[in-house]
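Engineer: No sequence on hand, only this structure:
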């Protein structure tokens, strides 16, 4: 077995969380190696909606959620569904999800989410400035849309909660007011809330690649390697990988040593954390989307159709329609009917979307329509795990961000950097503890 020259830190995972952590550690003077089985932003970080959703402080597990959930769960194309073949496997996660919806847990989760959001918002601006990243940003706000007075009234308590945690927004109470921000929305949407500070990446894959290229240019290393085993001692960590599956030159390296390790492998973090002493209730919320040309729709802001569970956003010069939640684990085949269902709805809500488009469901990258499915790594309380491993401070966790990986990536990187340096963290990280479910 051949051993690579020792690094200061190994980061497992080259998604947006892992790359952000690696770059921040490098900026703090550490020699960093990133390991990933597929490459930079090759999974969930590549195909998401590209939103920095700092206004989304409310977790999925809200009080009374389970009164609504049964009708969602029974609809295979609804905004929240469970594949029958995965239902028994998901039961322990669902039990914790139900507990997280109780008022005491919910209130704590909102405060913790808001704290990380506010911290991450500042950290992102620092990250953009330090990497000359402004060309990868869109600062166009977001419209959250509601059908009718009752749906709007039902949402107001959530907006009051956001206000209490510093989210800026404007409430709009007529189709004309909505049209002044975004023309072309069906008049069935009578009310909205506009969040002017919301921003998007031009393309989430391009943003992750930009950070990775910055990291490499400054001497960082990225190794395409499947991780099989982790072992740790008092002063070092060893990661056993299989670069024989790599598409890159690997010099027959199999054993990677470092002083410290960051596990940031998204939905694939659970078995890695188990090797370092923690059994964590992480599961996957599958998300689907379709990227298509804009047609005659001139999209001016990010659109969120809350009660339908999807968004419409710009990705470079195209439009991405995506969202919803499907619990089906990592192994079951995708159900791309869900992606098409969202597109069909979006075309009803935005009549100019896809005008003169080919309506076929072709997935080839060279065609006008591209479908995609990704695995959001989700904890029952919608909060990530940012903490030392239970058995050793040589290992730091950074995963479980659910829908908010891109949003919270820069803030998570700052906290991970502080943990690696054994410093007091800038915000209280006890709500993100690896031990909160034990």
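Structural biologist: All right, it came through fine. Here the structure is a predicted model, which is why all the values come from computation and not from measurement.
Engineer: Give the next helix or strand downstream of the lowest-mean-pLDDT helix or strand in the chain.
Structural biologist: The helix or strand of the chain with the poorest confidence is helix 65-73; it has a mean of 69 (mean pLDDT, DSSP states H and E). Next helix or strand after helix 65-73 toward the C-terminus (DSSP states H and E): strand 80-82.
Engineer: That next one pairs with which strands, and in what direction?
Structural biologist: In the sheet, strand 80-82 lines up against strand 318-327 (parallel) (DSSP bridges).
Engineer: So what's the gap between the strand it pairs with and the chain middle?
Structural biologist: 12 Å (C-alpha atoms, centre = their mean, to the nearest Å).
Engineer: cool, stretch 328-346 as well?
Structural biologist: Centre to centre, stretch against its chain (C-alpha atoms, centre = their mean), the figure for stretch 328-346 is 18 Å.
Engineer: Likewise for stretch 98-112?
Structural biologist: Between the centre of stretch 98-112 and the centre of its chain there are 20 Å (C-alpha atoms, centre = their mean).
Engineer: heads up, I number from 24, so please use that
Structural biologist: Renumbered: residue one is now 24, and that last one reads stretch 121-135.
Engineer: For that stretch, what does the pLDDT average out to?
Structural biologist: Mean per-residue pLDDT for stretch 121-135: 94.
Engineer: So what touches it?
Structural biologist: Stretch 121-135 has contacts (C-beta atoms under 8 Å, 6 or more residues apart in numbering) with 80-82, 84-89, 184, 188, 403-406, 454-455. In this view, the C-beta of every residue, glycine as well, is placed from N, C-alpha and C.
Engineer: Please list only the buried members of the residues you listed.
Structural biologist: 80-82, 84-85, 88, 184, 188, 403-406, 454-455 (16 or more other C-beta atoms under 10 Å).
Engineer: quick one, longest helix in this structure?
Structural biologist: helix 126-153 (DSSP state H).
Engineer: how about residue 303, phi and psi?
Structural biologist: phi -120, psi 140 (degrees, to the nearest 10).
Engineer: Let me fix that, I meant to ask about residue 201.
Structural biologist: Backbone dihedrals for residue 201, given as degrees, to the nearest 10, come out at phi -70, psi -40.
Engineer: my guess is it contacts residue 168, does it?
Structural biologist: Yes: using C-beta atoms under 8 Å, residue 201 is in contact with residue 168, at 7.3 Å.
Engineer: For those two, indicate the residue with more neighbours.
Structural biologist: The neighbour comparison of residue 201 against residue 168 (other C-beta atoms under 10 Å) goes to residue 168, with 25 against 21.
Engineer: What sits closest to the more buried one if chain neighbours are left out?
Structural biologist: Leaving aside its sequence neighbours, residue 168 sits nearest to residue 212 (C-beta to C-beta, 6 or more residues apart in numbering; 4.4 Å).
Engineer: Where does pLDDT dip in the stretch 74-223 of the chain?
Structural biologist: 91-97 (pLDDT under 70).
Engineer: Do a quick rundown of the strands in the stretch 274-423 of the chain.
Structural biologist: Assigned by DSSP state E, counting those that start in this stretch, the stretch 274-423 of the chain shows strands spanning 278-286, 306-316, 325-328, 333-338, 341-350, 393-401, 408-411, 418-422.
Engineer: coming back round to it: and the longest helix of the chain, which residues are buried?
Structural biologist: Here helix 126-153 shows 128-129, 131-133, 135-144, 146-147, 150-151 as buried, counting by 16+ other C-beta under 10 Å.
Engineer: repeat for stretch 98-105
Structural biologist: 101-105.
Engineer: what about that stretch, start to end distance?
Structural biologist: 9 Å (C-alpha to C-alpha, to the nearest Å).
Engineer: Same question for stretch 61-77.
Structural biologist: For stretch 61-77, the end-to-end distance is 29 Å (C-alpha to C-alpha).
Engineer: just how off-centre is it within its chain?
Structural biologist: 7 Å.
Engineer: Same question for stretch 340-358.
Structural biologist: 13 Å.
Engineer: got it, and stretch 57-72?
Structural biologist: For stretch 57-72, the distance to the chain centre is 11 Å (C-alpha atoms, centre = their mean).
Engineer: What residues sit buried inside it?
Structural biologist: Neighbour-count burial for stretch 57-72 flags 57-60, 62-64, 66-72 (criterion: 16+ other C-beta under 10 Å).
Engineer: picking up where we left off before, and the helix or strand just after the longest helix of the chain, what other elements does it pack with?
Structural biologist: Using DSSP H and E, the next helix or strand after helix 126-153 towards the C-terminus is strand 160-161. Contacts defined by 3 or more C-beta pairs under 8 Å, 6 or more residues apart in numbering; DSSP states H and E place strand 160-161 against strand 222-224.
Engineer: pLDDT on the helix or strand just after the strand it packs on, on average?
Structural biologist: Counting by DSSP H and E, the next helix or strand C-terminal to strand 222-224 is helix 227-240. Average pLDDT, helix 227-240: 98.
Engineer: what's in contact with helix 227-240?
Structural biologist: So helix 227-240 is in contact with 37-39, 42-43, 45-46, 49, 55, 57, 63-64, 68-73, 150, 154, 156, 159, 224, 245, 338-339, 429, going by C-beta under 8 Å, 6+ apart.
Engineer: Adjacent strands (with direction) for the following helix or strand past that helix?
Structural biologist: Note on helix 227-240: by DSSP H and E, the next helix or strand toward the C-terminus is strand 244-247. Paired neighbours of strand 244-247 in the sheet (DSSP bridges): strand 55-59 (parallel).
Engineer: How far off centre is the partner strand?
Structural biologist: Worked out by C-alpha atoms, centre = their mean, strand 55-59 lies 20 Å from the chain centre.
Engineer: Over to stretch 207-222?
Structural biologist: 23 Å.
Engineer: buried set for it?
Structural biologist: 208, 212-218, 221-222.
Engineer: can you give me the angle the longest helix of the chain makes with helix 227-240?
Structural biologist: 60 degrees (axes from the mean of the first three to the mean of the last three C-alpha atoms, to 10 degrees).
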